[in-house]
Every structure is written in structure tokens, then in C-alpha cells.
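A.B. asks: Please find the sequence and the predicted model below.
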Amino acid sequence: MKKKHPKTIRNLFRLKFCCLQLGMNVRRFKIISQFLYSSFTVYIVLRLGFVDYSLVPENRKLENIPLECNSVINGTENRRKISRARQWDWHFDWVEHEIFNSRNVCSTIDKYFNFTRIPSSREEAEYPLAYGLVVYKTIVQVLTQMSLFYQPQHMFCITVDDQSPNEYKSVIQALPSCFPNMHVFIGEPSQWGSFGILKNVYTCFNWLSKSKQKWKYYQYLSGTDLPIRTNLEMVRIFKALNGSMNTDVSTFEVDRYKNMEGVLPPMPVYKSSMSVVVPREGADYLISSPRVQKLLKYLSKTWIPDESFWSTVLGSPALLPVPGSIRVRDILWLRKNFKLRPPYENTVNSIGTSYIGRYQVWGWQKECFGKVKDFSCVFGVEDIEEIMTRPELVAHKLYLEFQPAAFMCMLKEVRRRSLSPDAHLFSARSYSQMPTVELYQGKAITQLTNPNWLVRDSFYNPQHEDFDKEVL
Ligand SMILES: *[C@@H]1O[C@H](CO)[C@@H](O)[C@H](O)[C@H]1NC(C)=O
Ligand SMILES: *[C@@H]1O[C@H](CO)[C@@H](O)[C@H](O)[C@H]1NC(C)=O
Ligand SMILES: *[C@@H]1O[C@H](CO)[C@@H](O)[C@H](O)[C@H]1NC(C)=O
């Protein structure tokens, strides 16, 4: 385009020449040429100011990429729009390349990702959170994800897998120089089912709990989680939890004892999820407990130990009086003895579940509109509308490289909601009526407001559910 400008000017001179030749009177010529010059100036100003977005630094942020998300977020009957979103292909390899090859990683991160530099509100500033992450690949996805969780008052601890490529590890290791509230550990290889995962998670959990910063709740994240809630919503939800922990609760499967079969564990083991929400007082207690150390040692010789840790340490208050813990035994007893109908609704106004850590769909539970990997749904464009109505804190899993419109529309929507003038209207009332919160506050299992919110663990199979027995 640049070459055109001299040409336009040349044309103006040519016009002057020809008009004079035709004997056009000077006054008329002046009007015409003034008009042409001012049109030219207006054109240049418009072009610099509005058309060439790359000249305006803020608009380089990846999250501002133009994308029609209304049909993805709010739903539509229009198949063409959905299919266009599904086929939207976005190549971000060049960003990855630039990050890996930049001399100043911090400024490259600043250029493409929107990390909020000041707390979004006073309420949020006064309620810092702690995030523990374990990552090993996809730098653009992980940075995009973190930019959405990020607030300067929070603390972030990241364990990066030792087997990740060196260029990946060095970018992650550089993060604390860009963000003073981040800390990085090089962790162990974390193959599925191995102790390495739990060890990496615990390393960060331990570090965050030992820090002096007075965060209120700890939350675990994997590199494939995206928030469904805004930061303000998370804060309100944590307040509604009233100091109780939140994780999945299920029966420990006998085959998971592996090498420890017949060896008595230091406390009753339950199955849960890696994903957890722990109040600060609980975290302080856990890291100083010798029994927890014994349990970690015991679990290291079992199968998929990361899924046995949280509900075990947070589920036996009589043995291990962790602040925030509740008696998991009661929940399992209720499930066994009463066949309650699971709730129809799972929304912010009627939670319908007792595990809000993360929303994950297993292959046997319902249709996955993305693809199923390791038995778990990698969400696609057509899953997003439902996800955005769910009450959970984060969605697991999303890949930026798989149907990227799913990832990007979710990101844009959560950002839009967090900046909305109505953001402060969010009410977390229903969260305070979750059975786990009421149990923690001392209600008996038979007195709960919503006992049927306990019916399902996150691995439930709808085909195995029957409600013909007693109804509470
Ligand atoms: C980045 O996020 C903040 C709030 O989190 C918002 O105020 C700002 O407009 C965003 N910037 C861009 C370029 O999207
Ligand atoms: C979805 O609908 C809401 C409410 O009507 C609207 O504010 C929002 O902008 C829509 N989302 C998108 C991505 O267009
Ligand atoms: C729990 O709720 C009670 C009563 O509503 C309140 O007084 C207390 O401060 C809350 N505790 C926490 C840790 O939020």
C-alpha cells in the first residue's frame, strides 16, 4: 500500500497540469485541489488510526483476534455458523516461535497476552488466591490460560516436567522475572498413573503453603483447564464455601493398592480427583502433618496416587483434624443406603453437585462434541454453550490446537463477563447450600438442604443409575 501514496500525489500534479491546459479558471481549480488534498489527508489519518490494527500495540493481544462467538456461546440453530466456527483454523506457531526465540521473553509475553496488572476490584484485591500448576507442553495455550486466571494479588506456583524441551523449560523458568508473584520448580517426569504427578503437585502446594503471603484458597490447575468463572465469581464462591474444602469423593478401588495390597494405610483411603480447592488453614495443617508424609510414602507405591490424595487427607477429620475437612465416610454411606434421584439442573443458581473443582466429561457419560482422549472429552465448539451454563470453576480439557474457536470463544466470554458492568451482581448463594459446605458447618447427613447433590461422583455412569429404592 505504501507505494500508492507517491502515485496519488503524482496524479494530483498531472490533474493540475491538464486542468491548466484546458484553461480552467484558477478559482475552480483551487477548490478541486483543496478537496482532493483534504480527502487524501483524511484517508491517511483513517488508515493509520483505524485500519492498520498492528500499529496499535494493545490490539496485538491474541485474545482480541476477530472471531464470531455469539453462536458458540449463546447457541444457534444455524448449522452453517457452527460449522464455520468448528472449521476455523488458527495457526499460532509463529507466536510460539517468537516466544522461544525472543531475547526478552517478558516483553514478548506482554505483547501477545493480557495479564491484568492491577486487581480488578477491591473485593478481589482483598481476597488473594493461590494456584498450583503442572505443565509440560503447549506454551501459547498455557500462557493464554494463565493470563485469564492472573491477578497481581494471587500467587502462582508452576512445576514444569523435567522431560519438556529445553526451550519450553527456559520460558517457564523465566516467568518469575516477568511476574514477581510466580514461582517455578523443575519437576519429575509425570507419566499418567505414576507418583511423579502427585509429587509435582505437592511440591507447589508445599511451597505456596510455606509462603508468607496470606492467600485464602488453593486451587490446582492443569495445563488444559480454562476457567468457567471470572475471578470475582471465584472469590464469591470461595467465600460461600465458608472455609470448607472441595474435591471429588468416591470409593477407593481395590486394584489401585498395587504393591501395597494387604499393607494397612496410615488412614482410610478414598478416591478423588487431582483437582481440589483447599482453604489456607487446611493447607498449613497438611504440610506440617507427619501422617500426611506417611501417606505420601504409602501412596507412592500404589496405582494413580494423584487420585487418592485429597479426599483421603481431607476426609477423616477424626484422624486428621484438617481445617476444612469433612467426613467422607458419611457421603459414601448416604450413596449406598439411599437411592436419590440426581438433580436435573447444574447451574450457578442450582449447583446440583458437590464437586465444583472442575467440569470434565468422561467418554461414557454423554456425547462429546470434540474428541475423546484418555477416556476424557477434549471439548469442541458445540460443547461450549453447555459448559458456560455449568456451576464449576474450570473446564477440563480444552486444547488450543483442536477446534481453536472453542478455546478462544470461551476465553473471550469469560473476559467479557469479568469486564461487564453487571459483574458485581453475581450471587454465590447456591454454593453455600452444597452438602459439603453444610456438613462442614456441622449439619447431620440426614438434615441437608440438598442431599441429592451428593448422588454422583465425577466418574458416574448414567447407565448404572437406578432410583427405584427408597427415596429420602
Ligand atoms: C486486558 O484485561 C483487562 C482486565 O483484565 C482489560 O481492562 C483490558 O481492556 C484488556 N486489554 C485488552 C487489550 O484486551
Ligand atoms: C451472549 O448473550 C449475552 C446476553 O444476551 C450477550 O451479552 C453476549 O454478548 C453474547 N455473547 C456473545 C459472545 O456474543
Ligand atoms: C462462615 O460462616 C459464618 C456464619 O455465616 C461466618 O461467621 C464465618 O466468618 C464464616 N467463616 C469463613 C471462614 O468464611
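C.D. replies: Looks like it arrived, so ask away. Ligands and ions are numbered 1, 2, ... in the order given.

A.B. asks: how about the residues of the stretch 301-450 of the chain that lie near ligand 1?
C.D. replies: The stretch 301-450 of the chain comes close to ligand 1 at residues Leu419, as judged by Cβ under 6 Å from any ligand atom. Yep, even glycine has a C-beta here, placed from its N, CA and C like the rest.

A.B. asks: I'd assumed Val372 was in contact with Gly363.
C.D. replies: Yes: when contacts are counted by Cβ atoms under 8 Å, Gly363 is listed as touching Val372 (4.4 Å).

A.B. asks: Of all residues in the stretch 351-472 of the chain, which one is closest to ligand 1?
C.D. replies: Of the residues in the stretch 351-472 of the chain, the one nearest ligand 1 is Leu419, at a distance of 5.8 Å by Cβ to the nearest ligand atom.

A.B. asks: residue contacts, that residue?
C.D. replies: Contact partners of Leu419, counting by Cβ atoms under 8 Å, 6 or more residues apart in numbering, are absent.

A.B. asks: Phi, psi for it please.
C.D. replies: Phi and psi for Leu419, reported as degrees, to the nearest 10, are phi -100, psi 0.

A.B. asks: how about the residue minimising distance to the centre of the chain, what does it touch?
C.D. replies: Among the residues of the chain, the smallest C-alpha distance to the mean C-alpha position (Cα atoms, centre = their mean) belongs to Leu226, namely 2.4 Å. Residues counted as contacts of Leu226 (Cβ under 8 Å, 6+ apart) are 145, 148, 394-395, 398, 407, 410-411, 414.

A.B. asks: That one and ligand 1: what is the separation?
C.D. replies: Leu226 sits 15 Å away from ligand 1, taking Cβ to the nearest ligand atom, to the nearest Å as the criterion.

A.B. asks: Start the count at 680 instead of 1 going forward.
C.D. replies: Done: numbering now begins at 680, and the last item shifts to Leu905.

A.B. asks: who does that residue bridge with?
C.D. replies: Residues in a beta bridge with Leu905, per DSSP bridges, are Ala1074.

A.B. asks: Need the pLDDT of it.
C.D. replies: Per-residue confidence for Leu905 comes out at a pLDDT of 98.

A.B. asks: now swap in the one 10 residues further on and tell me
C.D. replies: At Arg915, the predicted lDDT confidence score is 98.

A.B. asks: and it, what element?
C.D. replies: In the assignment (DSSP states H and E), Arg915 maps to helix 910-920.

A.B. asks: Give the next helix or strand downstream of that helix.
C.D. replies: That would be, after helix 910-920 and using DSSP H and E, strand 925-926.

A.B. asks: Next secondary structure after that next one?
C.D. replies: Tracing the chain C-terminally past strand 925-926 and defining elements by DSSP H and E, one meets strand 929-930 next.

A.B. asks: What is that following strand packed up against?
C.D. replies: Where contact means 3 or more Cβ pairs under 8 Å, 6 or more residues apart in numbering; DSSP states H and E, strand 929-930 is packed against strand 949-950.

A.B. asks: ok, then the element right after the strand it packs on?
C.D. replies: Per DSSP H and E, strand 949-950 leads on to strand 955-958 as the next helix or strand towards the C-terminus.

A.B. asks: Before I go, just wanted to say thanks for your time.
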